[in-house]
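S.K.: Next input, structure requested:
(one chain, ligands or ions: 2)
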Amino acid sequence: MSLFKDMLKSGESLFRDTLFLSYDFQPKILFARENEQQRFAVAIKPLLQSLPGRNLFISGPPGIGKTTACKHVLRELEETTQDVTPLYINCWKENTSFKIYSKLCDDLGFKFLQNKRTTELLDLIKTKLNKTSVVFIFDEVDKLEETDFLYALLEDIYRKSIFLITNYRDSYSELDERIRSRLSPEFLIFRPYNESEIASILKQRRDYAFVQDCWDNDAFKEIVERCTELKDVRIGLYLMREAGSLAEDQSSRKITLQHVAGAMKKVDEFHINPTETLDDDLKNILDLIREKSGQKIGELYTHYLEQGNLLSYKSFQRRILKLTEAKFINTEKTTGKEGNSTIVTYNSNKKLTEY
Ligand SMILES: Nc1ncnc2c1ncn2[C@@H]1O[C@H](COP(=O)(O)OP(=O)(O)O)[C@@H](O)[C@H]1O
Ligand SMILES: [Mg+2]
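M.R.: Ligands and ions are numbered 1, 2, ... in the order given. Alright, predicted model coming up:
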């Protein structure tokens, strides 16, 4: 019965544990970020001698290990010393000063915070943290609604390093001048991985997540190639999970090129058809660009205001950047008589996997 020898029996699975394919999973081994880790260490080192640390502004496109590398450093720090308190905040979840202080207090072990006001929370934080040294990591700072807390921490906490992480290099210039001058950070730009780095990263996850030898070499190689082209590790993780599920649906013991092709189709849908997942605001702007494709960003902004929308030019530019990164639109810088400008065009049929 060789016909059935490659079929999964009921109750069998190709997956050991899908948890290892989740984007938030913290791998033990961090590949190819030695230089970046070194920069973190140099910034933090003075704190180990009870001196003020340095601040870093970390940027780079999504899915290339910024969060993971920072968390890795915090973990190592925790394992090495008790003299420096590591604190990590995701500003997408905690986007106001009040929420950030509440989370910090929570992480510092304070209880019964329900009725405390913003200033009271800050006082608790100051009292506790000024007895020690501290590394603050604020991730996704472009999602912040308020930044007063940064000013307060810069002023009132004595021995600290503050790391700000963002996908958008521009978010630095959007910070308040008072904050920028006190922060005076060093800039650290993460570069995308090359193919062999992506291969190492995905291999580690594959070996955790799947049973041994279920991947065809060609199929895995295809995923590495696509992931390298798209420059986002998360796409590789997504493709591995989808291809694995497709193979399992067909009771196949092997994950083949055909399953990978099926998974890639899903990525297309996921990225091409995601207008449902765009918030209304971005959708409006995308509609406008579709209608007026090829115009300059300033002209588009004027139309946008004429439609009765209220948004600063800076915020408009940021939304354009988001749409560009999600590959809904293309932007091209031009230099003309009237100075520099950016032409914005609608991306009608380019699919993510064609890059
Ligand atoms: N150098 C690396 N070694 C191991 N895994 C990595 C590495 N870089 C990224 N990853 C994995 O890729 C995914 C995306 O990384 P993440 O840190 O969330 O990216 P970013 O913060 O830049 O958007 C995560 O699941 C992470 O574990
Ligand atoms: Mg991140």
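
S.K.: And residue 248, how far from residue 88?
M.R.: Taking Cβ to Cβ, to the nearest Å as the measure, residue 248 and residue 88 are separated by 35 Å. Yep, even glycine has a C-beta here, placed from its N, CA and C like the rest.

S.K.: mind checking pLDDT for the residue in the chain that ligand 1 sits nearest to?
M.R.: As assessed by Cβ to the nearest ligand atom, ligand 1 sits closest to residue 65 within the chain, at 2.6 Å. At residue 65, the model reports a pLDDT of 96.

S.K.: before we move on, what about residue 313?
M.R.: 84.

S.K.: which ones are touching it?
M.R.: residue 301 (Cβ atoms under 8 Å, 6 or more residues apart in numbering).

S.K.: returning to what we had before: please give me every residue in contact with the residue of the chain closest to ligand 1.
M.R.: 30, 33, 190, 193, 233.

S.K.: check those against ligand 1, which are close?
M.R.: 30, 33, 233 (Cβ under 6 Å from any ligand atom).

S.K.: quick one: which of these sit in helices?
M.R.: Judged by DSSP state H, those include residue 233 as members of helices.

S.K.: Any chance of TSV for the ones next to ligand 1 among the contacts of residue 65, columns pLDDT and neighbour count?
M.R.: As requested, the ones next to ligand 1 among the contacts of residue 65 are exported to TSV (pLDDT from 0 to 100; neighbours: other Cβ atoms under 10 Å):
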residue	pLDDT	neighbour count
30	94	20
33	96	21
233	94	23
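
S.K.: can you map out the helices along the stretch 1-150 of the chain?
M.R.: 34-48, 66-80, 97-107, 118-129, 148-156 (DSSP state H, counting those that start in this stretch).

S.K.: one step back: make CSV out of the contacts of residue 65 and add distance to residue 11.
M.R.: Shown next, in CSV, are the contacts of residue 65 (distance: Cβ to Cβ, whole Å):
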residue, distance to residue 11
30, 35
33, 40
190, 43
193, 37
233, 32
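
S.K.: ok, those vs residue 69, which is closest?
M.R.: residue 33 (4.7 Å; Cβ to Cβ).

S.K.: Excluding sequence neighbours, find me the nearest residue to the closest one.
M.R.: Of all residues not flanking residue 33 in the chain, residue 69 sits nearest, at 4.7 Å (Cβ to Cβ, 6 or more residues apart in numbering).

S.K.: got TSV for the ones next to ligand 1 among the contacts of residue 65, with distance to residue 209 too?
M.R.: Below are the ones next to ligand 1 among the contacts of residue 65 laid out as TSV (distance: Cβ to Cβ, whole Å):
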residue	distance to residue 209
30	17
33	21
233	14
